[in-house]
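1. What follows is a protein structure lacking sequence information:
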C-alpha cells in the first residue's frame, strides 16, 4: 500500500487540502499509520505531476484544496482491482532471525521463540482491547483494520507454535572437530547414491 | 503476590501427578497462579502441557498431589465433598467445549438447575435464569429445548448457566469450540463483560486470538508456568502509545 493510493481514495470522497487529508488518512487507518504533513505535500505534488490530482485556487484562509482527476480515478480503480502481492512486502525479519538462531552456536532457540510469542501475544491483547473499546457502528473501518492486525498476530503465534513443535523433534547435525570437513553421516551417502 | 485480598483464585506451588513410580505422569510441577476479581487470565500451552489439569484443580473437580488451591480465600482441601459441591454450585461457573446441556430440560430450566439444586425456590431460580439468558442475548428463547437452538445459541445457554447467580470465578476450557469466528467472539465478549463486572476468569485455550481477550496470558510447558505477558495499559494509554 502506498500513501499515494490512500490519498487518491480520500480525494475520491471530495476535494480536500493537506491537513484535512492527513487527518482523514489517520482516521481511516485508526492512527496505525501516522503521516507527517511533509509526506502529504510531497505525495500531492507527485500526484499532480503525474496528472492524477489537480490543485485548485487557494481559499481565503490560504488553504489549497486538491481534487482527483479522471486519470487519478482510473489509477485508483486499478489499485482496488489488483491484489496485494506478498513479494512486495518487506522481508520478514522474524523468520530470518529464527533461521539464523537455529544455525548460530550458543543461541537458545526455544527462548527466542518464547520471547517473541510473549511479545506478539501482548500485542494481540492490546489490539483486542482497542477493538473491545470501539463498538460504535461508525468504528467499523477502524475495527476492520484492527482485525487485520489481530489475524496477522494470530498467524505469527501459530507459526511460532509450529516452530516450537519442529524444534522438539530437531536434532542438529553433530559437529566432531576430529572428523574430516564433511563427515560420513547417515544422510550424505544416501544423497551420493541418489546421484549415481 | 499470592494471597492478595482480592484474589479469587489462588494456586500455591501446586503439583499434580497421575500414577506412581516410573510410570508416573507429572501433569503439573509447582504451579503458582493468582487471579483477582476483575481479571481475566488466559493459559496457553501445547497439548499435554497441563492446561486442563490446571483448570480442573482450580474448579475443585480434581485435587492436587501437593500444594494448595484457594477460592475466595477458602482452601479447597479443607472442604468435605458436600462443601466442595456447594462451592462449585454457588461460586464457580464452568464453560466447557462440551456443553453438557440436558436435552430434556428447556433453556431456562438448564440455567436454573444449579440454583435449584442449591435450594433456591423455583420462581426465584427461574427469574435469575431468565435474567442470565437476557444477559447473553437470548431473552426470548428460554422455553426452547437444546435441540431447537443453533450451536451458537446452545453455547450461550451454557454460558448463562455458568454466569447465573453470584458466580465469582468463571472457568472456561476452549469455550468457543467449533463456533464460527463471529459467534466465538461474542462468547468471549460475554466472558470479558462478566469479568469487567467483578468476576475472576481463567481461560484455557490454544487460540491466540481468544487469549487476546485476557488481561494476562501465562504460558504452560510440561506442567510448569514458563512465562507471562506484562500487564496491559488502559485504552487511552494504548492509543497514545504509552501502554507499555
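-> Okay, I see it. Since the structure is predicted, the reported quantities are computational estimates derived from the model, not experimental observations.

2. Any stretches of chain A with poor pLDDT?
-> Scanning chain A for pLDDT under 70 picks out the ranges A:1, A:30-32, A:85-91, A:175-196.

3. Which parts of it are strands?
-> A:53-55, A:66-68 (DSSP state E).

4. so which of these is the most packed in?
-> Highest mean neighbour count of the strands of chain A: strand A:66-68, a mean of 21 (counted as mean count of other Cβ atoms under 10 Å in any protein chain shown). No exception for glycine: its C-beta is placed from N, CA and C like everyone else's.

5. Show me which residues of chain B are close to chain A?
-> Within chain B, the positions lying close to chain A (Cβ under 8 Å from any Cβ of the partner chain) are B:44, B:46, B:189, B:192, B:206-209, B:211-215, B:217, B:219, B:226-230, B:232, B:235, B:238-239, B:243.

6. Tell me which of these fall in helices.
-> If you go by DSSP state H, those have B:189, B:192, B:208, B:209, B:211, B:235, B:238, B:239 in helices.

7. among these, who's most crowded?
-> Counting neighbours by other Cβ atoms under 10 Å in any protein chain shown, residue B:211 leads those with 28 neighbours.

8. and it, what is it in contact with?
-> Residue B:211 makes contact with A:121, A:124, A:125, B:42, B:44, B:203, B:205, B:217 under the criterion Cβ atoms under 8 Å, 6 or more residues apart in numbering or on different chains.

9. hmm, try it at 6 Å
-> By Cβ atoms under 6 Å, 6 or more residues apart in numbering or on different chains, the contact set of residue B:211 is B:42, B:44, B:205, B:217.

10. Around the last one, count how many other residues there are.
-> If you count neighbours by other Cβ under 10 Å, residue B:217 ends up with 26.

11. Can you name the residues bridging to it?
-> For residue B:217, the beta-bridge partners are residue B:42 (DSSP bridges).

12. That one against residue B:227, yeah?
-> No - using Cβ atoms under 6 Å, residue B:217 is not in contact with residue B:227; the gap is 8.7 Å.

13. Quick check: residue A:156 touching residue A:120?
-> Yes - if you go by Cβ under 6 Å, residue A:156 and residue A:120 touch, sitting 5.0 Å apart.

14. So which residues of chain B form strands?
-> B:7-18, B:25-36, B:40-44, B:66-71, B:74-75, B:92-96, B:169-173, B:200-204, B:216-221, B:224-228.

15. Just name the most buried of the ones you listed.
-> Mean neighbour counts for the strands of chain B (mean count of other Cβ under 10 Å) peak at strand B:200-204, with a mean of 27.

16. can you list the residues that contact that strand?
-> Strand B:200-204 is contacted by residues B:8-9, B:35, B:37, B:39-43, B:51, B:55, B:58, B:169-173, B:191, B:195 when judged by Cβ under 6 Å, 6+ apart.

17. next one: stretch B:93-110
-> Contacts for stretch B:93-110 (Cβ under 6 Å, 6+ apart): B:129-130, B:141-146, B:154, B:157-159, B:161-163, B:167, B:170-175, B:177.

18. Buried ones in it, by neighbour count?
-> Within stretch B:93-110, the residues scored as buried using 16 or more other Cβ atoms under 10 Å in any protein chain shown are B:93, B:94, B:95, B:96, B:97, B:99, B:101, B:106, B:107, B:108, B:109, B:110.

19. That stretch spans what distance, first to last residue?
-> Distance between the two ends of stretch B:93-110: 14 Å, counting by Cα to Cα, to the nearest Å.

20. mean confidence for that stretch?
-> Averaged over stretch B:93-110, pLDDT sits at 86.

21. show me where chain A has helices.
-> Under DSSP H, chain A gives helices at A:3-11, A:18-28, A:37-49, A:70-81, A:93-103, A:109-132, A:140-169, A:187-195.

22. looking just at contacts, which helices and strands does the fifth one meet?
-> Think helix A:93-103. Helix A:93-103 sits against helix A:109-132, with contacts defined as 3 or more Cβ pairs under 6 Å, 6 or more residues apart in numbering or on different chains; DSSP states H and E.

23. swap in the second one?
-> Helix A:18-28 makes packing contacts with helix A:3-11, helix A:37-49 when contacts are defined by 3+ Cβ pairs under 6 Å, 6+ apart.

24. Tell me the buried residues in that helix?
-> For helix A:18-28, a neighbour-count test (16+ other Cβ under 10 Å) marks A:18, A:20, A:21, A:22, A:24, A:25 as buried.

25. quick one on the thing from earlier: want to throw the buried residues of stretch B:93-110 into TSV with distance to residue B:69?
-> Conversion of these to TSV gives the following (distance: Cβ to Cβ, whole Å):
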residue	distance to residue B:69
B:93	17
B:94	15
B:95	19
B:96	19
B:97	22
B:99	25
B:101	27
B:106	35
B:107	32
B:108	32
B:109	31
B:110	28
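
26. Mind listing residues that contact stretch A:2-19?
-> Under the contact criterion Cβ under 6 Å, 6+ apart, stretch A:2-19 has outside partners A:21, A:24-25, A:37, A:40-41, A:43, A:63-65, A:67-68, A:72, A:76, A:79.

27. nearest to chain B, of those?
-> Ranked by distance to chain B (Cβ to the nearest Cβ), the contacts of stretch A:2-19 are led by residue A:25 at 16.6 Å.
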